[in-house]
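Asker: Just the structure for this:
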Amino acid sequence: MDPKSIYIISPFTSFSTRFSLNHSFDQGVNVYGRSITASDNEDLISKSALLHLFVHFNLGVPFDNVYPGVFPIKASDDQLKKLNYLTEKLKLENTKFYATYTLKLQSIINDILSNIGPELFETLNVDFRILDVIRYIENHLQENPTNSDMADIANMATNSFSRLFRQKMNTTLHKFIMKRKIAHSCELFLHTNKSIQEVAFTMGFSDRYHFSRVFKLITGTTPAVYKSGKFS
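Answerer: Residues are numbered from 1 along each chain as shown. From the prediction side, this is the model:
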């Protein structure tokens with residue numbers, strides 16, 4: 001990784017990581033680390049860990065449905081200046097994120113995304129009927145709609161809709177819905193105190209065990225491990 005580059009990783013991108021001074025991972029969701037504070041000795045930490053600023057953001061439909069991939073962007077001097085400013089502020093205070101920090105971060109994200117090639121946004125050209133279905137799914141993740149249900153929304157015959165959806169989204173409707181359910185489940189684990197069973201029911205799964213099987217199939221780890229924050 002180039003220290004003067006920014007890496008955009010779109011949702012559900014499968015990739016492996018290797019840090020020559022520490023661990024290597026072959027599969028699954030692997031995240032391990034902690035926040036850096038102003039009192040830390042960064043020279044010492046950098047001997048066994050990779051220092052970086054990680055930002056998770058959600059743009060909403062249809063941007064959440066871009067194809068998987070890792071997109072390296074060479075950061076401009078102005079972007080690096082803003083990122084360094086935010087990094088230094090976060091070392092001092094990482095529990096409160098003031099409005100000025102948010103505005104700076106939003107400007108960086110908008111600037112970076114506007115300079116990525118069309119390969120990231122191919123799904124923006126998806127048939128409007130598919131986008132109507134995607135919007136419905138996003139607003140009704142607790143439901144378990146069938147191809148027939150979604151074909152009605154798209155005003156199409158079921159078989160024609162199934163073929164069109166797979167052609168445009170490179171996956172079946174069922175797999176797409178499961179990925180969106182699990183993605184939202186991850187957000188609930190990170191930002192709420194809901195139990196695994198509560199999240200499972202919220203996402204429309206019949207029981208915790210079915211939810212856990214699907215969660216592990218998609219993320220490579222269990223809900224319990226993900227909820228604990230120890231993904232290594």
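Asker: Give the rounded mean pLDDT of the lengthiest helix in the chain.
Answerer: Counting by DSSP state H, the longest helix found in the chain is helix 173-191. Throughout helix 173-191, pLDDT has a mean value of 89.
Asker: Give the buried residues for that helix.
Answerer: 173, 176-186, 189 (16 or more other Cβ atoms under 10 Å). C-beta: built from backbone N, CA, C; applies to glycine.
Asker: lowest average confidence, helix or strand, in the chain?
Answerer: The helix or strand of the chain with the poorest confidence is strand 24-25; it has a mean of 58 (mean pLDDT, DSSP states H and E).
Asker: Let me know the outermost residue of the protein.
Answerer: Distance from the C-alpha centroid of the chain, by Cα atoms, centre = their mean, peaks at residue 157 (32.3 Å).
Asker: on that earlier part again, extract the CA atoms of the longest helix of the chain and return them as CSV.
Answerer: What follows is helix 173-191, C-alpha atoms only, in CSV (Å, rounded to 0.1, in the frame of the first residue of the first chain):
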residue,chain,number,x,y,z
LEU,A,173,-32.4,-11.9,-6.2
HIS,A,174,-32.1,-14.2,-3.1
LYS,A,175,-28.4,-13.8,-2.8
PHE,A,176,-28.6,-10.1,-3.2
ILE,A,177,-31.3,-9.8,-0.5
MET,A,178,-29.2,-12.0,1.9
LYS,A,179,-26.1,-9.8,1.4
ARG,A,180,-28.1,-6.7,2.1
LYS,A,181,-29.6,-8.2,5.2
ILE,A,182,-26.2,-9.2,6.5
ALA,A,183,-24.7,-5.8,5.7
HIS,A,184,-27.4,-4.1,7.7
SER,A,185,-27.0,-6.7,10.5
CYS,A,186,-23.3,-5.7,10.7
GLU,A,187,-24.4,-2.0,11.1
LEU,A,188,-26.8,-3.0,13.9
PHE,A,189,-24.0,-4.9,15.7
LEU,A,190,-21.7,-1.9,15.5
HIS,A,191,-24.2,0.8,16.4
